[in-house]
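**Q** return a 3D structure for these sequence lines:
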Amino acid sequence: MRRAFLIGLVTAALAVTAASASAAAPVQVFVAGDSTASTYEASLAPRTGWGQALPRFVTSNAVVVNEALSGASSKSFVDLGRLDRILSRIKRGDYLLISFGHNDEKKEDPARYTEPSTTYKSYLSQYIDKSRAKGAKPVLVTPVERRRFTSAGTISPTHGAYPAAMRQLAAAKGVPLVDLTASSTALFNRAGVEGTKKYFLHLKAGQSPNYPNGVEDNTHFQTAGAVEVARLVATTLRDQGVLPPGSIRRAQQPKSRNNPA
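**A** Down below sits the predicted model:
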C-alpha cells in the first residue's frame, strides 16, 4: 500500500513538472513578410531587416522565427509554399506577424501583383484563416514606409491603398493591427531628410567592404534603421497587449540629447 502511494506521489509530481515545463515553453512569433523584414547574411551587412532585429526586443518568453522572404508579395509568398512552411511548424498559442505591400504593388509582375481591395485582402485572409485553424494568433502589420520626401521635407506616402486595405481587413476579421506605415512615417519625419540616412542603406564609397562603391537604397535598412523599425513593432505589440505579459523588453527608445523624452 505504501509503495503504491509513493508511486502515485512520484507520478503526480512528474505530471506537474511536465505541465509546468510546457506552460513555460516560449511562444513562437513567426514573421511572414518581404525584404524589409528579411534576415540577411553577413556578406550583405549592414543591410538588415526589421524581422532580423526583432529578437532583441523579446524576452525568453518568446522566440522570433523570421520567415520573411526578399521580393515576396502576399501572393508569391503563398505560391512559393512559404506560408505552408510556417503552418507546418506553427502551433496553438503561437503568433504570426503578416506584413506585405511593397511587392504587391508591382503591376508589371503578375506573379506578385495583388489589387488592394480584392486579391490583396483575399491572400492576407489565407494567412489569417489558416493560422487561426492551427490555434495560432495572426497579427497584421502594414508595410513600413520608404524614404521618400516631399519638397517640404516630409515623408511622401508610397503604398497607395494597401495600408488602408489592411486596416479594413483587420477590423473586419478582428485581427490585431500594427500600423507600421503610420508609425514609421512619424519616425522618419522626426529624423528628417538627413537623419533618415542612418536608418536606410546609405553608405559612402569605402565605408563598407560589402559595398565598396557605396549605395543609396531608400527602401531597405541598415542595422540602426532595422532596430528602430523593430522597436516600433515591439512597442505596438506591447502597448496593445498582443503578446503574453513579459514577452517584450527594451521597447522604449533610449534617451539621448536628440531624444530626451
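
**Q** pLDDT weak spots in this structure?
**A** 1-24, 252-261 (pLDDT under 70).

**Q** would you list every one of the strands in it?
**A** 27-32, 47-48, 62-66, 95-98, 137-141, 177-178, 200-203, 215-222 (DSSP state E).

**Q** want to throw those into CSV with distance to residue 151?
**A** Where you see a C-beta, it was placed from the backbone N, CA and C, and this is true even at glycine. Listed next are these as CSV, based on distance: least, C-beta to C-beta, whole Å:
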stretch, distance to residue 151
strand 27-32, 35
strand 47-48, 29
strand 62-66, 37
strand 95-98, 34
strand 137-141, 30
strand 177-178, 30
strand 200-203, 19
strand 215-222, 16
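
**Q** make a markdown table out of the ones you listed and add distance to residue 126 and mean neighbour count.
**A** Output for the strands of the chain, formatted as a markdown table (distance: least, C-beta to C-beta, whole Å; neighbours: other C-beta atoms under 10 Å):
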| stretch | distance to residue 126 | mean neighbour count |
| --- | --- | --- |
| strand 27-32 | 11 | 24 |
| strand 47-48 | 28 | 25 |
| strand 62-66 | 19 | 19 |
| strand 95-98 | 10 | 26 |
| strand 137-141 | 10 | 24 |
| strand 177-178 | 17 | 22 |
| strand 200-203 | 31 | 21 |
| strand 215-222 | 25 | 18 |
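
**Q** among those, which is nearest residue 84?
**A** Closest to residue 84 of these, according to C-beta to C-beta: strand 27-32, at 11.3 Å.

**Q** just the angle for that closest one relative to strand 137-141, thanks.
**A** 40 degrees (axes from the mean of the first three to the mean of the last three C-alpha atoms, to 10 degrees).

**Q** pairing partners for strand 27-32, with directions?
**A** strand 62-66 (parallel), strand 95-98 (parallel) (DSSP bridges).

**Q** residue contacts, the residue lying closest to residue 147 once chain neighbours are set aside?
**A** In space, and not counting its chain neighbours, residue 147 is closest to residue 218: 3.9 Å by C-beta to C-beta, 6 or more residues apart in numbering. Residues near residue 218 by C-beta atoms under 8 Å, 6 or more residues apart in numbering: 146, 147, 148, 200.

**Q** one step back: to residue 105, which of the strands of the chain lies closest?
**A** strand 215-222 (11.7 Å).

**Q** just the helices in the stretch 101-250 of the chain please.
**A** 121-133, 162-173, 180-195, 223-239 (DSSP state H, counting those that start in this stretch).

**Q** return the third one as CSV; C-alpha atoms alone will do.
**A** By that I understand helix 180-195. The C-alpha coordinates for helix 180-195 follow below in CSV (Å, rounded to 0.1, in the frame of the first residue of the first chain):
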residue,chain,number,x,y,z
LEU,A,180,3.8,50.3,-39.2
THR,A,181,3.0,52.6,-42.1
ALA,A,182,1.8,55.3,-39.7
SER,A,183,4.5,54.8,-37.0
SER,A,184,7.4,54.6,-39.5
THR,A,185,6.2,57.7,-41.2
ALA,A,186,6.2,59.5,-37.9
LEU,A,187,9.7,58.2,-37.1
PHE,A,188,11.1,59.2,-40.4
ASN,A,189,9.5,62.7,-40.3
ARG,A,190,11.1,63.2,-36.8
ALA,A,191,14.5,62.2,-38.2
GLY,A,192,14.2,64.3,-41.3
VAL,A,193,15.8,64.1,-44.8
GLU,A,194,19.4,63.8,-43.5
GLY,A,195,18.7,62.0,-40.3
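
**Q** so what touches that helix?
**A** 99, 101, 141-145, 147, 149, 153-155, 157, 159, 163, 196, 198-199, 228-229, 232-233, 235-236.

**Q** start to end distance for stretch 86-106?
**A** Terminal residues of stretch 86-106 are spaced 25 Å apart (C-alpha to C-alpha, to the nearest Å).

**Q** use 362 as the first number for this chain going forward.
**A** Okay, residue one is now 362; in that scheme the one you just asked about reads as stretch 447-467.

**Q** gap between that stretch and the chain center?
**A** Mean-position distance between stretch 447-467 and its chain equals 9 Å (C-alpha atoms, centre = their mean, to the nearest Å).
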